[in-house]
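# Based on what follows, work out the 3D shape:
(4 chains)
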There are 2 protein chains.
Amino acid sequence: MRPFKHPPADEFALERIFHALSDPARLEIVRRLAHVEAATCGELDGGRPKSSMSHHFRILREAGLVHTRGAGTLHQNSLRRTELDTRFPGLLDAVLRQAP
Amino acid sequence: MRPFKHPPADEFALERIFHALSDPARLEIVRRLAHVEAATCGELDGGRPKSSMSHHFRILREAGLVHTRGAGTLHQNSLRRTELDTRFPGLLDAVLRQAP
DNA sequence: CGTTAAGTTCGATACTAGTCGAACTATCGA
DNA sequence: TCGATAGTTCGACTAGTATCGAACTTAACG
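The predicted structure is shown next:
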């Protein structure tokens, strides 16, 4: 499995993060990830096909919102919460306070 | 002059706000508006044509980020800061802390 | 009025992004 | 090793969006 590209926290771009969060499907993914330690792609699809989910996770990963690590045949995704809170204090809280 | 449509604070949609902020031109507008009481469209174009600016201001208005009021022949735009802070505490701060 | 100035609207174009099926890859288990 | 499973990649289609010139609207001022 190819390793994923995860930008370091000092390369996070606000525009990219906002773009990632401007899609309802991705906003929902982020919110659901906030309640768990990690989740697989399959656990978070809302009936959407796998190729669509893969696309959304890639956007979230490249924005720096989500970290994905392979665990056997499945991928565990987690919110990069502490890094995001350090780099953009208040942003994630604002998102999550909205619709818990 | 046609009155502008300004959504009430309880109709702000996070997706729409994020989309509005995902464009570099609009992010810059918001940041510059944070430093002044109000500004006209012309004061904030970065050499961009008026039709482009008008487009961006409409997106910002309809997301609830900016309020526009006509003052004679020019339009005064201001950040809806208190309403945004009430509805999404921390969000605007996160944006503005980033690049003052 | 006629003019100037500030923005808006319209229309065309180009680019960007979301959706989803099909084929591919990698890993685990029988 | 064969098959099943989880996810990625590819390709095509579609929908949305940015850009910008040109025409239009509105208001202030001679």
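
# Phi, psi for the residue most central in space within chain A please.
Closest residue to the average C-alpha location of chain A: A:V66 at 3.2 Å, with CA atoms, centre = their mean. Backbone torsions of A:V66, given as degrees, to the nearest 10, read phi -130, psi 140.

# So in terms of bridging, what pairs with it?
Note on A:V66: beta-bridge partners by DSSP bridges are A:L79.

# from what I can see it touches A:L79, true?
Yes - counting by CB atoms under 8 Å, A:V66 touches A:L79, with 6.3 Å between them. From N, CA and C alone the C-beta is placed, and that goes for glycine too.

# overlap in contacts of these two?
Counting by CB atoms under 8 Å, 6 or more residues apart in numbering or on different chains, the shared contacts of A:V66 and A:L79 are A:30, A:33.

# list the contacts for whichever residue of chain A sits closest to chain B?
Closest contact between chain A and chain B, by CB to the nearest CB, is at A:G90 (3.1 Å). Contact partners of A:G90, counting by CB under 8 Å, 6+ apart, are B:89-91, B:93-94, B:97.

# what are the phi and psi angles of A:Q76?
phi -100, psi 120.

# Isn't it up against A:G42?
No - with contact defined as CB under 8 Å, A:Q76 does not count as touching A:G42 (11.2 Å).

# what does chain A have sitting close to DNA strand C?
Contacts of chain A with DNA strand C, taken as CB under 7 Å from any atom of the strand, map to A:1-2, A:19, A:22-23, A:25, A:48-52, A:55-56, A:59, A:70, A:72-73.

# Let's see that with 10 Å instead.
Applying CB under 10 Å from any atom of the strand, we find that chain A lies next to DNA strand C at A:1-3, A:15-16, A:19-26, A:45-56, A:58-59, A:70-74.

# circling back: the residue nearest to the centre of chain A: what's it in contact with?
A:29-30, A:33, A:57, A:60, A:77-80.

# run the last query once more with 7 Å
A:33, A:57, A:60, A:77-80 (CB atoms under 7 Å, 6 or more residues apart in numbering or on different chains).

# can you check A:P24 too?
Contacts of A:P24 by CB under 7 Å, 6+ apart are B:E15.

# Need the per-residue pLDDT for it.
The confidence metric pLDDT takes the value 97 at A:P24.

# Having no further points to raise, I will conclude here.
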